[in-house]
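>>> need a structure here:
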Amino acid sequence: MKKSGYADLPLHGGQVPKWLAERMALLGGAITEAILVEYGKKEFIRRLSDPAWFQSLGCVMGMDWHSSGITTSVMGALKRVINPRAKEFGIYVCGGRGKHSRQTPDELLKVADVTGLDGHSLVRSSRLTAKVDNTAIQDGFQIYLHSFVVSDEGDWSVVQQGMNTDSGYARRYHWSSNELRSFVNEPHSFVYGKNQGYILNLTHRFAEETRKKIVRIGKEDPGKMINEIQKMRLPAHHDVRQKDVDLKRLGAVLALSHELPTSEFEDLLLVQGLGPRTLQSLTLVSEVIYGTSSRFADPARFSFAHGGKDGHPFPVPTKVYDESIRVLKTAVARAKIGSSDKLKALKSLSKAAESLESNFVPNGKLSDVIAKERRDSWKYGGKTVFGDAKRPKAIQGSLF
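Residues are numbered from 1 along each chain as shown. Okay, the predicted model is just below:
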């Protein structure tokens with residue numbers, strides 16, 4: 001069994017406003033469809049099991065880059081947009097937060113009726129993943145969200161999240177059906193999070209004898225505490241700071257949006273209304289679709305596509321967001337009917353940004369980039385949960 005990882009996230013309250021939730025569903029659907037067209041169902045399912053990719057997807061969709069709300073919002077958006085087209089996509093999203101997580105078994109059995117998959121096996125996998133993270137591994141996080149994503153070919157991923165009210169953090173767990181070996185013996189490929197000392201981990205290889213004894217005597221006998229698990233934890237600060245972002249990579253994206261090699265992107269450039277700011281967002285969207293796993297080491301960078309609902313690093317530029325959705329949906333639609341020029345152009349954006357990095361030297365401060373985005377936010381229809389972005393007082397009445 002390959003378990004793809006953990007990610008620790010500060011607990012954040014509140015709800016996603018309607019104006020952002022609708023856009024998240026549209027962009028999430030377009031990104032999903034682009035991945036399906038380019039790589040197929042198995043790859044889309046695999047990516048959901050990658051914590052860094054998932055975090056980058058949430059950032060590019062306008063969620064705050066390190067909050068616990070990314071998990072609920074992204075999975076909710078994907079469920080809303082994928083399930084109505086499940087037969088077309090061959091992908092089904094089951095479960096969710098709270099009471100919706102408890103509906104997962106019934107939803108999986110319905111999927112099995114439609115696809116011919118072994119529903120009882122899927123239900124067993126769903127329950128085991130939750131039990132392992134909630135019971136076999138006792139790290140102080142109580143599962144409250146469980147999403148099970150399955151293809152009509154039987155590949156699946158689980159994205160679930162636990163809460164620790166004492167520490168003020170949530171922890172996200174990712175599972176993948178690839179290379180299934182065992183649910184209870186060394187299921188983790190790695191674990192991310194801050195070292196919190198000894199925990200009870202009955203999936204450790206040294207716990208095999210303990211597991212046998214537990215089965216034999218029919219009651220819990222944890223024995224000794226298991227070796228510490230190395231973890232990486234996202235920082236408690238909500239704002240995006242220079243240390244959170246690979247400036248070489250972000251700088252290359254920003255430079256590309258103003259120094260576009262037009263000979264490679266003629267079709268893309270001819271799209272009406274496509275300017276440097278939208279191109280910046282599309283480049284980061286392109287990386288989410290086409291980038292290799294090494295490109296997602298700094299998920300905060302992807303928040304520079306469409307900002308964050310709480311204004312970090314800057315308000316969500318709704319005009320740019322809508323244009324990103326339109327360009328991506330048009331490219332996918334053309335690719336599906338055999339005209340893939342625009343989708344190839346989108347793919348070349350991430351390649352061009354990566355190539356530009358080799359000779360790019362950051363010569364500015366991240367705070368300056370953020371300050372400019374905030375100053376210009378009103379031009380792009382900037383919004384946060386607190387309201388609309390306002391024109392800076394210093395330029396009130398100026399011609400723009």
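
>>> From A300, how far off is S101?
Per C-beta to C-beta, to the nearest Å, S101 is found 28 Å from A300. Every residue, glycine included, has its C-beta placed from N, CA and C.

>>> More neighbours: these two, which one.
When S101 and A300 are compared for neighbours, A300 comes out ahead with 26 against 20, by other C-beta atoms under 10 Å.

>>> Point out where the stretch 51-200 of the chain drops to low pLDDT.
64-68, 179-180, 185-200 (pLDDT under 70).

>>> Which parts of it are strands?
Counting by DSSP state E, counting those that start in this stretch, the stretch 51-200 of the chain has these strands, from start to end: 91-97, 137-138, 142-151, 156-164, 169-176, 200-201.

>>> Sheet-wise, list the partners of the second one with their directions.
As defined by DSSP bridges, the strand partners of strand 137-138 come to strand 200-201 (antiparallel).

>>> try the longest one
Based on DSSP bridges, the strands next to strand 142-151 in the sheet, each with its direction, are strand 91-97 (antiparallel), strand 156-164 (antiparallel).

>>> quick one: contacts for D133?
D133 makes contact with 141, 143, 160, 162, 173 under the criterion C-beta atoms under 8 Å, 6 or more residues apart in numbering.

>>> What is the burial count for the second one?
Look at I143: counted by other C-beta under 10 Å, it has 18 neighbours.

>>> OK, contacts around it?
101, 130, 133-134, 160-162.

>>> Tell me, please, where in the stretch 201-350 of the chain the pLDDT is lower than the cut-off.
201-202, 204, 207, 209-277, 279, 294, 337-342.

>>> first to last residue in stretch 283-300, what's the distance?
In stretch 283-300, first residue to last residue: 15 Å (C-alpha to C-alpha, to the nearest Å).

>>> Which residues belonging to that stretch are considered buried?
Within stretch 283-300, the residues that count as buried by 16 or more other C-beta atoms under 10 Å are 283-291, 295-296, 298-300.

>>> swap in stretch 109-125?
Quick answer for stretch 109-125 (16+ other C-beta under 10 Å): 111-112, 115, 117, 119, 122-123, 125.

>>> Could you work out the most separated pair of those?
Greatest spacing in the buried residues of stretch 109-125, by C-beta to C-beta: T115 and S125 (14.8 Å).

>>> Tell me the spacing between Y290 and V159.
21 Å.

>>> show me the contacts for T104.
Counting by C-beta under 8 Å, 6+ apart, T104 has contacts 94-95, 123, 126, 146, 148.

>>> give me that answer again for 6 Å
For T104, the contacting residues are 94-95, 126, 146, 148, by C-beta atoms under 6 Å, 6 or more residues apart in numbering.

>>> Tell me where the stretch 251-400 of the chain has strands.
Using DSSP E, counting those that start in this stretch, the strands of the stretch 251-400 of the chain run over 316-317, 382-384, 387-388.

>>> neighbouring contacts of the longest one?
It refers to strand 382-384. For strand 382-384, using C-beta under 6 Å, 6+ apart, the contacting residues are 311, 315-318, 389.

>>> and with 10 Å instead?
The contact list for strand 382-384, computed with C-beta atoms under 10 Å, 6 or more residues apart in numbering, reads 17, 19-20, 23, 62, 307-312, 314-321, 373-374, 376-377, 388-390.

>>> Narrow the residues you listed to those that are buried.
Of these, these count as buried by 16+ other C-beta under 10 Å: 19-20, 23, 62, 307-312, 314-318, 320-321, 373-374, 376-377, 389.

>>> show me the contacts for the residue nearest to F54 when sequence neighbours are not counted.
Excluding the flanking residues, the one nearest F54 by C-beta to C-beta, 6 or more residues apart in numbering is L48, at 6.3 Å. For L48, the contacting residues are 4, 54, 57, 74-75, 78, 91, 93, 147, 149, 156-159, 174-176, by C-beta under 10 Å, 6+ apart.

>>> ditto for M75
M75 sits in contact with 28, 48, 54, 58, 93, 95-97, 100, 145-147, 149, 159-161, where contact means C-beta under 10 Å, 6+ apart.

>>> can you rerun that using 6 Å?
147, 159.

>>> what's the neighbour count on D50?
D50 has 18 neighbours, counted by other C-beta under 10 Å.

>>> Over to it: give its phi and psi.
phi -100, psi 110 (degrees, to the nearest 10).

>>> hmm, back to that, could you say which one of the strands of the stretch 251-400 of the chain comes nearest to A331?
strand 316-317 (20.1 Å).

>>> coming back round to it: turn the buried residues of stretch 109-125 into TSV, including distance to S348.
Below are the buried residues of stretch 109-125 laid out as TSV (distance: C-beta to C-beta, whole Å):
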residue	distance to S348
V111	37
A112	41
T115	36
L117	37
G119	42
L122	39
V123	43
S125	39
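
>>> re earlier: between the contacts of D133, identify the one with the most neighbours.
Neighbour counts for the contacts of D133 (other C-beta under 10 Å) peak at Y173, which has 29 neighbours.

>>> What's opposite that residue in the beta bridge?
Per DSSP bridges, the residues bridged to Y173 are Y6, Q160.

>>> My read is that it contacts Q160, right?
Yes: with contact defined as C-beta atoms under 6 Å, Y173 counts as touching Q160 (5.1 Å).
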